[in-house]
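Trainee: Sharing a sequence plus its predicted fold:
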Amino acid sequence: MSITRLSTINMSKCAVIAVACLFGVRDASAGGSENIETILTKAFFIQNITIYCSQFTPKIIENSSGKYGDISRLAYHIRQEVVSELPADQSIFVVRRSADMARAGALQAVRQFYELDRDRERARIVEWCEQSATLEIAEYVEAHDEKHDAFVATIIEAKKRYNITNPK
């Protein structure tokens, strides 16, 4: 993929996909079926970006609220949906791995704005948070709220595949 093509894609989405690929997690946008780690990684990633951006754009947390509350409550809700009915050792593994991938993806997304000039760096981060990140967060929350039944069905299918490939 060319650099110019990469720059036209929302970089935070690229970070999730890159980190997911690094850890061998398939993403639905890559033509495969999502697995439970990818589902939870996305929720944690959105939570990480929201919290990070809230230091520059405080209203982002308020604006990220949906049916389940703010982004932290939504991430908790999704975590509960993903790990319900999994044995404790599997749920701990899934949560830790997803949290690690999300943290790495968020760091990768944010680091693209680092510069020696702190004022310019801050301006770039604020612009990204107010435009790209805010939009992606809102889309994620809205999609979850409006398509919750489909989201739950995706989790159920992902759990079936997880239990087949990771027997108890």
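Mentor: Sure thing, it's come through.

Trainee: can you tell me which helix or strand the residue most central in space within the chain belongs to?
Mentor: In the chain, the C-alpha nearest the mean C-alpha coordinate belongs to Lys42, at 2.3 Å (C-alpha atoms, centre = their mean). Taking DSSP states H and E as the criterion, Lys42 maps to helix 36-54.

Trainee: and that helix, C-alpha only, in PDB?
Mentor: Output of helix 36-54 as PDB, limited to C-alpha atoms (Å, rounded to 0.1, in the frame of the first residue of the first chain):
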ATOM      1  CA  ILE A  36     -13.800 -12.400  20.200                       C
ATOM      2  CA  GLU A  37     -10.400 -10.800  20.700                       C
ATOM      3  CA  THR A  38     -10.900  -8.500  17.700                       C
ATOM      4  CA  ILE A  39     -14.400  -7.500  19.000                       C
ATOM      5  CA  LEU A  40     -13.000  -6.700  22.400                       C
ATOM      6  CA  THR A  41      -9.900  -5.000  21.100                       C
ATOM      7  CA  LYS A  42     -12.000  -2.600  19.100                       C
ATOM      8  CA  ALA A  43     -14.000  -1.700  22.200                       C
ATOM      9  CA  PHE A  44     -10.900  -1.200  24.300                       C
ATOM     10  CA  PHE A  45      -9.200   0.800  21.500                       C
ATOM     11  CA  ILE A  46     -12.100   3.200  21.200                       C
ATOM     12  CA  GLN A  47     -12.100   3.600  25.000                       C
ATOM     13  CA  ASN A  48      -8.300   4.300  25.000                       C
ATOM     14  CA  ILE A  49      -8.600   6.900  22.200                       C
ATOM     15  CA  THR A  50     -11.500   8.500  24.000                       C
ATOM     16  CA  ILE A  51      -9.700   8.800  27.300                       C
ATOM     17  CA  TYR A  52      -6.500  10.000  25.600                       C
ATOM     18  CA  CYS A  53      -8.400  12.600  23.600                       C
ATOM     19  CA  SER A  54     -10.400  13.800  26.600                       C
END
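
Trainee: What average pLDDT does that helix get?
Mentor: Helix 36-54 carries an average pLDDT of 95.

Trainee: same question, stretch 136-155
Mentor: 92.

Trainee: Return the set of buried residues in it.
Mentor: Applying a neighbour-count criterion of 16 or more other C-beta atoms under 10 Å, one finds 136-137, 140-141, 144, 151, 154-155 buried in stretch 136-155. C-beta: built from backbone N, CA, C; applies to glycine.
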